[in-house]
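1. Let me see the structure of the following:
(2 chains)
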Amino acid sequence: MTPALLPPSAAAALLTLVAAMLLRAVHPARPGVFAPLSLVVSIAALAPLAWAVAAPLEVSPLRAVLLAALAIALLARDPRELSQTECALKLTWVLGAAFALSASGTALLTLAAGTAVPHEQWSALALSLDPYALWSAALLMTLLAGLVLLGGAPFHFWPADVIHGSRAWLAPLIVASLQASGAAWLLHSLASLQGFAQGEKLTRGLLSLAAVVALVGGAVTLAAQRRPERRVGGLASLQGALVLVAFSVDPLRAPFASLGPYSLAAWAAHLALALTGATALAHFLPVSSVESDPPPALARRHPWSAAAAAYALLSLAGAPGTPGAMLWLEVARRLAATRHPGLLAALLLAWLVAFAVAARETRRLFGAPTSMPAPEATVPRFARIALWAVAGGLAALLLAWSLAEQVAG
Amino acid sequence: MSSVIEAPKRRIAKLPAQAVGGACATVGVVLLLVPGVMWAALGVELLALAFWLWARALPDRAEQMPRWAWLRRPAMALWLATALAWVLPPPMGLQGLATVLELPQWVAPASAAERDPLAMLRALQSLAVLWAGLELLAALPLSRPYPDLTGPLPAVGPWLTAMLPGTGFLVLWRQSAVWSSGPLVREIAAAALLLAAALAVLRAYSRRSLTASLRWLAVFDSALAAMLLAVDAVPGEVAALLWLATAGGRLTALAAELRGAAARRGPELTFLWRLAGWSASASLAWPLLVAVGFSRARLHPIEFVLLAAPIFLAARLSLSRIVEAPERRALERPDPLSALSRAGALGTMLLGPLALMIAWWRGFEGSFPGVAIALLPAALAWWRPPRNEVRPAGSQRTPGVAGASARDFALNAFRAVTAFEQRLAVALAALARALGAPARDLHSGDAQEYLLFLVGISVLALLLPLLR
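-> As a prediction, this is how the structure comes out:
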């Protein structure tokens, strides 16, 4: 057992897998030879994604490519699911191109440094024998796949597309695992930079710019989204932006350090859990409604389950009193301590928009009471258990992180 | 038959919303009294939740829910201030926020060692608290018209909207350490509050009904009390006592009015309430006029006149609007509310002068003749121009009869300002939408476009280093 697989992040990843399976059980298996085995096959397929969430530091660039391939295969496996296959196509285009460009960057870097070993590359470049334009372009290109995988603006389209276009049991783990892979990609790419001052400076500048664009662009587009699924996608994109901000402060240090030694895993586990609850909720919400409309079936028949789902959504947005808020606060404190007022202002803007959008969605969820009879069809029990599991997991994360913070403080 | 069965069900469904909303509002107001921005944020959030719960239980919920949705704005502003309070380290080597927010420092920054890189964010924190307080006080354009409306709880609707400016004052009073130590923020607050007070008294004058006038006078009183904090005229506790005397008196009078005009039963009680309203209003206005009009031992005529005019009008309204209610019963019955109303009037009358005594005890002083001149606007309210008209014996003088043209002027002035503000807000929102439109259409959803976008980004990544 690797250290990163220890609780609470590993437990949260496992809980996400369980919740995904519960949501999967809501849909009847398609008739066929493998129908009785569908649940087992689903678990086997999703397990690597859950592993990436539980142990993002173990995700090497090669494993990130394999995870992306698995995600695309899962989306594309059923040709009758048109929206899912469309998502698979889009992901193939985007991630394929991003990986190819990053591979080109690595090749360029090898060309410039004369060696393929990362630690030797930077030492060689530090001698300043090679043109700046060559190695800096190569460095930026190597980071591109990480930036795309994190899903921060302007690459914020793919999380929203996946959550909008694919099933509620599949989308959260795909998005969370790919975003965790993006964070791991950046960590791997930047790990060998230590000691190469010019490269560190360039990376810090690039990541700061990317973080500001991701926060401001993400906030503006989140406010403009018209569908609940895409709003959840926008919130996921802001989580990627949060990691970018943490990296821009200190590119060589794993973000969210105050949450314990397995900090990146904690972020990924929270993302997966909150995204599972929020995505399930988004599928229950009407596409277009105002606050005074009657609530959807979930809130009318099972208001407490709706409240559990709303907690996940609020946590994804970083509302106070949720574990998500601790992640935003951790990053904001680091920005304040290192005197980054511009980035901190962008972070506050994004947080305000995210919180306001989540609060509005919560109000829309409960709507206004109506005298019309409640819909006949109940919300499946498995879906409700999944929502409760997610909310329980998030509450446990909040408790664990609060304790960790108290011990550290 | 079904409606007979459903009626009690509906009553049961409504009862918890009202009770839960009431509990939320009560806890929210109590939290506003607790020091700490987080508690204020939670308090206003609970207040917004209460209004939402009440509004969604009403038959006209489609109108009521959007009407009270703005209450989340001050809550969000306070959450922003809370987040900044949690995040920002204390300023190094600086004496509170005052040194950070001094205008000269913005114009000519201190040396690099003295400069605080987070000064703008500290200013943002102050402005966020101020925004929340002013918006609850109906002192900002977007929330300005709400005291004209009745609240979403039918039983106490008019009283509810009279209570909201009080919550704004509570926010500004309890969080004054965050916003009132910076001169620039204080100047902004004083200007916004002066405008709010002037508009509130104009609106109170233009409304004929006593309940509407009292609601606007509560806004006026809360704005003046907050201005006492902004100009640092008296200690916060004294300002709170003066606010309690004036706005609390209006709220009590409003409650009495809603319970069968209990403040206007009989000539003696009516006069007592007039005197109480005037006394509290004069007590609140006097230290403010002394501090603003005669600061640094010299007269500031423009500030004095700008402040004295609405104060005079408010004092006049306190005296003229409360007219004796006609007794329609042949035999007057003993009214248990009358004793309560009398006690409320006496409390209102005494609290203001008591607060002034405490202020004097704690060091408040003014120069002569400033202290005497500052009494004039309120004192002049007693003076009435002689009227030539002959009223028939036994007829009641109602506020609706006289001063119609002056009331039209007040109404038009109020409407002109609010219409201008609304148009400005609409124009700014339209501009923001226009600027944000490209963000919405950044990606059309076409798979080919994604690839092109990524290639464009990578070309940029290649070109950027060359532009160094």
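2. Can you give me the neighbour number for residue B:370?
-> Neighbours of residue B:370 under the rule other Cβ atoms under 10 Å in any protein chain shown: 19. Yep, even glycine has a C-beta here, placed from its N, CA and C like the rest.
3. what's near enough to touch the nearest residue to it once chain neighbours are set aside?
-> Ranked by Cβ to Cβ, 6 or more residues apart in numbering or on different chains and with sequence neighbours excluded, the top spatial neighbour of residue B:370 is residue B:294, at 3.2 Å. For residue B:294, the contacting residues are B:300, B:304, B:366, B:367, B:370, B:371, B:373, B:374, by Cβ atoms under 8 Å, 6 or more residues apart in numbering or on different chains.
4. for residue B:224, same thing?
-> With Cβ under 8 Å, 6+ apart, residue B:224 has these contacts: B:193, B:197, B:246, B:284, B:285, B:288, B:311.
5. what about residue A:169, which SS state?
-> In three-state terms, and counting by DSSP: H, G, I helix; E, B strand; the rest coil, residue A:169 is coil.
6. if we can go back for a sec, and the two most separated of the contacts of residue B:294?
-> B:300 and B:371 (14.9 Å; Cβ to Cβ).
7. Can you tell me the centre-most residue of chain B?
-> residue B:137 (1.5 Å; Cα atoms, centre = their mean).
8. how near is that residue to chain A?
-> 22 Å (Cβ to the nearest Cβ, to the nearest Å).
9. Can you report phi and psi for that residue?
-> Per-residue torsions, residue B:137: phi -80, psi 0 (degrees, to the nearest 10).
10. thought it was touching residue B:173?
-> No: taking Cβ atoms under 8 Å as the definition, residue B:137 is not a contact partner of residue B:173, at 11.3 Å.
11. which residues do the two both contact?
-> Joint contacts of residue B:137 and residue B:173 (Cβ under 8 Å, 6+ apart) are residue B:226.
12. With residue A:162 as the reference, measure out to the spatially most central residue of chain A.
-> What sits nearest the mean C-alpha location of chain A, by Cα atoms, centre = their mean, is residue A:176, with 4.0 Å. From residue A:176 across to residue A:162, the span is 11 Å (Cβ to Cβ, to the nearest Å).
13. With residue B:341 instead?
-> The gap separating residue B:341 from residue A:162 is 66 Å, by Cβ to Cβ.
14. before we move on, what about residue B:177?
-> Using Cβ to Cβ, residue B:177 is found at 47 Å from residue A:162.
15. Can you tell me the SS state at the residue nearest to the centre of chain A?
-> helix.
16. right, and it touches residue A:268 too?
-> Yes: between residue A:176 and residue A:268 there is a contact at 6.2 Å, judged by Cβ under 8 Å.
17. anything in contact with each of those two?
-> Common neighbours of residue A:176 and residue A:268 (Cβ under 8 Å, 6+ apart) are residue A:53.
18. ok so, going back, quick one, phi psi at the residue nearest to residue B:370?
-> Torsion angles, degrees, to the nearest 10, at residue B:294: phi -130, psi 40.
19. in chain A, which helix has the most residues?
-> Across chain A, the longest stretch assigned as helix under DSSP state H is helix A:82-113.
20. which helices and strands does it pack with?
-> helix A:61-76, helix A:118-125, helix A:132-150, helix A:157-165, helix B:447-463 (3 or more Cβ pairs under 8 Å, 6 or more residues apart in numbering or on different chains; DSSP states H and E).
21. Of these, which is nearest residue B:166?
-> Among these, helix A:157-165 comes nearest to residue B:166, with 43.3 Å by Cβ to Cβ.
22. any idea of the angle that closest one forms with helix A:61-76?
-> Angle of helix A:157-165 versus helix A:61-76, following axes from the mean of the first three to the mean of the last three Cα atoms, to 10 degrees, is 30 degrees.
23. do helix A:157-165 and chain B meet?
-> Yes: Helix A:157-165 is in contact with chain B by Cβ under 8 Å from any Cβ of the partner chain, via A:157, A:158, A:161.
24. Closest one of the residues you listed to residue B:44?
-> For the residues of helix A:157-165 next to chain B, the closest approach to residue B:44 (Cβ to Cβ) belongs to residue A:157, at 35.8 Å.
25. low-confidence ranges in chain B?
-> The model of chain B has pLDDT under 70 over residues B:1-15, B:92-114, B:327-335, B:386-404, B:439-449, B:452, B:461-468.
26. Grab the longest helix from it for me.
-> Max-length helix for chain B by DSSP H is helix B:404-440.
27. Which strands or helices does that helix pack on?
-> For helix B:404-440, the packing partners by 3+ Cβ pairs under 8 Å, 6+ apart are helix A:197-224, helix B:183-206.
28. Packing partners of the first one?
-> Contact here means 3+ Cβ pairs under 8 Å, 6+ apart; on that basis helix A:197-224 packs against helix A:118-125, helix A:132-150, helix A:228-249, helix A:341-366, helix B:404-440.
29. Would you mark the buried spots in that helix?
-> Neighbour-count burial for helix A:197-224 flags A:198-200, A:202-204, A:206-208, A:210-224 (criterion: 16 or more other Cβ atoms under 10 Å in any protein chain shown).
30. repeat for the last one
-> Going by neighbour count (16+ other Cβ under 10 Å), the buried part of helix B:183-206 is B:184-186, B:188-190, B:192-206.
31. what's the next secondary structure element after it?
-> helix B:210-230 (DSSP states H and E).
32. what residues does the stretch 101-250 of chain B put near chain A?
-> B:117, B:118, B:120, B:121, B:124.
33. Looking at residue B:177 and residue A:162 now, which is surrounded by more residues?
-> Remark: of residue B:177 and residue A:162, residue A:162 carries more neighbours, 27 against 14, as counted by other Cβ under 10 Å.
34. Name all residues that make contact with the more buried one.
-> A:75, A:87, A:91, A:171, A:174, A:175, A:233.
35. ditto for residue A:45
-> For residue A:45, the contacting residues are A:70, A:74, by Cβ under 8 Å, 6+ apart.
36. 7 Å instead?
-> residue A:74 (Cβ atoms under 7 Å, 6 or more residues apart in numbering or on different chains).
37. Also residue A:374?
-> Applying Cβ under 7 Å, 6+ apart, the residues near residue A:374 are A:300, A:301.
38. Let's see that with 8 Å instead.
-> A:297, A:300, A:301.
39. Among the residues you listed, which are located in helices?
-> A:297, A:300, A:301.
40. Mind giving me the ChimeraX select for the residues you listed, buried ones only?
-> Buried residues among these (16+ other Cβ under 10 Å), as a ChimeraX selection:
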select /A:297,300,301
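41. what's the least confident helix or strand in chain A, going by average pLDDT?
-> helix A:118-125 (a mean of 74; mean pLDDT, DSSP states H and E).
42. That helix to helix A:132-150, inter-axis angle?
-> Using the same axes, to 10 degrees, helix A:118-125 lies at 150 degrees relative to helix A:132-150.
43. List the buried residues in helix A:118-125.
-> Neighbour-count burial for helix A:118-125 [16+ other Cβ under 10 Å]: A:118, A:121, A:122, A:124, A:125.
44. Let me know the distance separating the second one from residue A:190.
-> This means residue A:121. The gap separating residue A:121 from residue A:190 is 13 Å, by Cβ to Cβ.
45. who's in contact with the closest residue to residue B:249 other than its chain neighbours?
-> Nearest non-adjacent residue to residue B:249, counting by Cβ to Cβ, 6+ apart: residue B:348, 3.4 Å away. Contact analysis of residue B:348 by Cβ under 8 Å, 6+ apart lists B:245, B:246, B:248, B:249, B:252, B:253, B:276, B:277, B:279, B:280.
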